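[1] Show me the folded form of this:
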Amino acid sequence: MVGRYCSVVPLCADHADDLYNAFRADTEDRIWTYLPNGPYHDPATFRAWVEEAVSWDDPLMHTILVDGRAVGHASYLRIAPSSSSIEVGYINLSPDLQRTRAATEFQFLMMQRAFDELGYRRYEWKCDALNAPSRKAAQRLGFTYEGTFRQATHYKGRNRDTAWFSIIDSEWPGLKQRFERWLSPENFNAAGLQKYSLPTV
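    Alright, predicted model coming up:
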């Protein structure tokens with residue numbers, strides 16, 4: 001999946017060093033709070049996780065590349081062709097990727113593949129109900145909040161209530177046009193700042 005600002009490719013072991021270095025830029029390990037794994041403080045342990053994750057079928061892990069460098073990962077998961085439903089998740093964005101055009105574009109590329117190429121009818125987003133940035137991101141990207149599953153699971157020694165969001169295929173054409181307008185170079189001024197936000201473009 002190739003866009004103007006990034007590419008989304010299958011995760012491979014060769015991405016481990018770049019990802020480790022990109023993630024270590026978060027010296028407070030905040031990016032790992034709501035993930036089931038991590039944080040990692042040595043490259044060998046992280047590489048072992050990457051080498052395991054490469055073999056997964058669901059989640060199906062992908063790497064986000066900017067200028068050829070691995071700066072984040074995301075996955076398709078809960079892949080259910082029979083019900084035509086798929087989820088995006090296992091998202092970890094390094095500080096260099098956060099709040100960039102690429103951080104929005106990789107989401108668009110993964111949606112576009114799910115709806116336009118693979119023909120899914122439902123595209124899901126789920127997160128810890130306490131994860132306010134993730135909830136905000138889902139709504140900015142056009143997902144509709146559907147409710148919270150109480151005590152849905154537990155991880156890292158704590159409970160997780162899970163907030164559910166979705167986009168359905170009838171909503172996708174309008175959202176696609178909105179993403180394309182937002183991602184256009186014409187939507188950014190000389191300083192690189194957006195002229196119009198994604199929900200209003």
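
[2] What strand or helix carries the residue nearest the centre of the chain?
    Central residue of the chain (CA atoms, centre = their mean): I91, 4.1 Å from the mean position. I91 belongs to strand 85-93 when elements are defined using DSSP states H and E.

[3] Tell me which stretches of this structure form strands.
    For the chain, the strands defined by DSSP state E cover 7-10, 60-66, 69-80, 85-93, 122-128, 144-155, 158-168.

[4] Could you measure from L183 over to F108?
    Note on L183: its distance to F108, by CB to CB, to the nearest Å, is 7 Å. Using the backbone N, CA and C atoms, a C-beta is placed for each residue, glycine as well.

[5] shared neighbours of those two, anything?
    Taking CB atoms under 8 Å, 6 or more residues apart in numbering as the criterion, L183 and F108 both touch G3.

[6] Have a look at these two and say which one is more surrounded.
    Taking other CB atoms under 10 Å, L183 and F108 do not tie; F108 has more neighbours (23 against 20).

[7] what's in contact with the strand holding I91?
    So strand 85-93 is contacted by 23, 31-32, 35, 38, 59, 61, 64, 71-80, 103, 107, 110-111, 114, 118, 120-127 (CB under 8 Å, 6+ apart).

[8] how does it look with 6 Å?
    Applying CB atoms under 6 Å, 6 or more residues apart in numbering, the contact partners of strand 85-93 are 31, 59, 72-79, 103, 110, 114, 120, 122, 124.

[9] Just the buried ones among those, please.
    Buried by 16 or more other CB atoms under 10 Å: 31, 59, 72-77, 79, 103, 110, 114, 120, 122, 124, out of the contacts of strand 85-93.

[10] Could you pull up phi and psi at L35?
    phi -100, psi 150 (degrees, to the nearest 10).

[11] In contact with it, which residues?
    Contacts of L35 (CB under 6 Å, 6+ apart): none.

[12] okay, the nearest residue to L109 once chain neighbours are set aside: pLDDT?
    Closest residue to L109 apart from its sequence neighbours, by CB to CB, 6 or more residues apart in numbering: M1 at 4.0 Å. As predicted, M1 sits at a pLDDT of 98.

[13] what about M1, how many residues close to it?
    Neighbour tally, M1, other CB under 10 Å: 16.
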